[in-house]
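S.K.: Provided below for reference: sequence and predicted model.
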Amino acid sequence: AYNPGWVQALKGKLPARANPWGFTTFVFRARRPFHPRRLHNLMELARRGRNCLKNVLRSKGFVWLATRRAKYGNWLHVGREFRLDCGGMWFCSIPRAFWPQDPVSLQEIESDFCEDPAIEDRRQEIVFFGRKLDQLGLEEALSSCLLSDEEYGLGMDRWQDFEDPFPSW
């Protein structure tokens, strides 16, 4: 079955292709939520072309905001335009009786879960495509938006108190 390139990259199935123009992909993954205010600030800087995202032509993926425990964000970015809207429910927020029942789908869903019962299938997975990407800079910038150890230690109930400048979904 055909999957768009960004889905193939998330699954680690996008073949590495050398090209003379310097186009590359990079996948950011994390099992810790983003602090919504810090992520929003990063996106605002990127809109003005003032950070490590300036060479990113497009990015797409799944985002976990600390203030949104049941729903994942759908990250869409082209050039200097960003959109973060509701992508749907994390499977851990859906009763198992409502999950797809075919073995292939179940295996794929379960493979997204981790051993930590507080995290389950929540995660960050964003594919970046661009020319001469600053992979280290992207990793550092996005990691700085994740909850700190101290914030993470507060627990999900307290995360709801964090400032969240994104529209409701």
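M.R.: Nice, I can see it.

S.K.: from now on I want contacts and neighbour counts done on CA atoms only, so please keep to that.
M.R.: OK.

S.K.: distance of Val63 from Leu146?
M.R.: Using C-alpha to C-alpha, to the nearest Å, Val63 is found at 11 Å from Leu146.

S.K.: okay, and the common contacts of those two?
M.R.: Common contact partners of Val63 and Leu146 (C-alpha atoms under 8 Å, 6 or more residues apart in numbering): Pro33, Phe34.

S.K.: longest single helix anywhere in the chain?
M.R.: In the chain, taking DSSP state H as the definition, the longest helix is helix 36-47.

S.K.: now do the buried residues in that helix.
M.R.: Judged by neighbour count (16 or more other C-alpha atoms under 10 Å), helix 36-47 contains these buried residues: Pro36, Arg37, Arg38, Leu39, His40, Leu42, Met43, Glu44, Ala46, Arg47.

S.K.: and for stretch 162-169?
M.R.: Asp164.

S.K.: can you get me the start-to-end distance on it?
M.R.: By C-alpha to C-alpha, the extent of stretch 162-169 from end to end equals 16 Å.

S.K.: quick one: it to chain centroid distance?
M.R.: 16 Å (C-alpha atoms, centre = their mean, to the nearest Å).

S.K.: report the mean confidence score over that stretch.
M.R.: Across stretch 162-169, the average pLDDT comes to 96.
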